[in-house]
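*Asks:* With the sequence up front, the predicted model follows.
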Amino acid sequence: MVAQVVELLGRCQVALLTDYRGLTVQEMTALRRQLREAGAEYHVVKNTMLRRALESMGMPLVEEHFVGPTAVVFAAEDPAGPAKVIATFAKRRGIPTVKGGMIEGRIFGAEETAALATLPSRQQLLAMAAACYQSPAASLVRTLYTLVANFAGTLQALSEKRASAAA
């Protein structure tokens, strides 16, 4: 069991520890489905096994994370997506509560981990970055187009003025 948790932690960038007390089987299934759609897995893990897995990986332990039953969200890529799923689900039901998390090997408390839900998703951040890179080029194209259009308009006006002067 410890080896399985180590393997899950090893292939994920994000692990969110939650307290799932009070969730029914149907709610747990619905939450797992939503997390799977967000690219994450949700596993109930015994605190002892999680402690041993973290110790074997040389990770620091925060004792307040190991109080009560624990379910862990394992996400390979986008930390904001699964955090948003948990926050949305908890907003409707009040559970699960976030105990803390690990993001790329760093341990965070409940507040910092819950703040992930307010961040844009990975896809949104990539789109924002692309827009930033595209913006200067688009501005340059618009400016050059305006200059060429103004120049063409000036030449047209000059041509019409000379034609009327010759007539």
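*Replies:* Here it is on my side, so go on.
*Asks:* Spell out for me which residue occupies the centre of the protein.
*Replies:* The residue lying closest to the centre of the chain (C-alpha atoms, centre = their mean) is residue 80, at 2.8 Å.
*Asks:* mind checking how far that residue is from residue 11?
*Replies:* 19 Å (C-beta to C-beta, to the nearest Å). C-beta coordinates here come from the backbone N, C-alpha and C atoms, glycine included.
*Asks:* now residue 17
*Replies:* Taking C-beta to C-beta, one finds residue 17 at 17 Å from residue 11.
*Asks:* Do I have it right that the residue nearest to the centre of the chain meets residue 116?
*Replies:* Yes. Contact criterion C-beta atoms under 8 Å: residue 80 and residue 116 qualify, at 5.4 Å.
*Asks:* What are the phi and psi values at residue 44?
*Replies:* phi -80, psi 130 (degrees, to the nearest 10).
*Asks:* so what's the nearest residue to it once chain neighbours are set aside bridging to?
*Replies:* Spatial nearest neighbour of residue 44, chain neighbours left out: residue 71 (4.7 Å); criterion: C-beta to C-beta, 6 or more residues apart in numbering. Listed by DSSP bridges, the beta-bridge partners for residue 71 are residue 18, residue 44.
*Asks:* State the distance spanning the first to the last residue of stretch 98-111.
*Replies:* 8 Å (C-alpha to C-alpha, to the nearest Å).
*Asks:* Can you give me the buried ones in it?
*Replies:* By 16 or more other C-beta atoms under 10 Å, the buried positions in stretch 98-111 come out as 98-103, 107-108, 110.
*Asks:* Then stretch 84-95?
*Replies:* Buried, per 16+ other C-beta under 10 Å, within stretch 84-95: 84-87, 89-90, 95.
*Asks:* pretty sure residue 116 is touching residue 75, no?
*Replies:* No. Contact criterion C-beta under 8 Å: residue 116 and residue 75 do not qualify, at 10.0 Å.
*Asks:* Now do the shared contacts for the two.
*Replies:* residue 16 (C-beta atoms under 8 Å, 6 or more residues apart in numbering).
*Asks:* Can I get stretch 127-140 as PDB, trimmed to CA atoms?
*Replies:* Included here for stretch 127-140 are C-alpha records, laid out as PDB according to Å, rounded to 0.1, in the frame of the first residue of the first chain:
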ATOM      1  CA  ALA A 127      -4.200  31.400 -23.600                       C
ATOM      2  CA  MET A 128      -3.300  34.500 -21.600                       C
ATOM      3  CA  ALA A 129       0.400  34.000 -22.300                       C
ATOM      4  CA  ALA A 130      -0.300  33.500 -26.000                       C
ATOM      5  CA  ALA A 131      -2.400  36.700 -26.100                       C
ATOM      6  CA  CYS A 132       0.500  38.600 -24.500                       C
ATOM      7  CA  TYR A 133       2.900  37.300 -27.100                       C
ATOM      8  CA  GLN A 134       0.500  38.000 -29.900                       C
ATOM      9  CA  SER A 135      -0.400  41.500 -28.800                       C
ATOM     10  CA  PRO A 136       2.800  43.400 -29.900                       C
ATOM     11  CA  ALA A 137       2.700  41.700 -33.300                       C
ATOM     12  CA  ALA A 138      -0.900  42.500 -33.800                       C
ATOM     13  CA  SER A 139      -0.300  46.100 -32.800                       C
ATOM     14  CA  LEU A 140       2.600  46.400 -35.200                       C
END
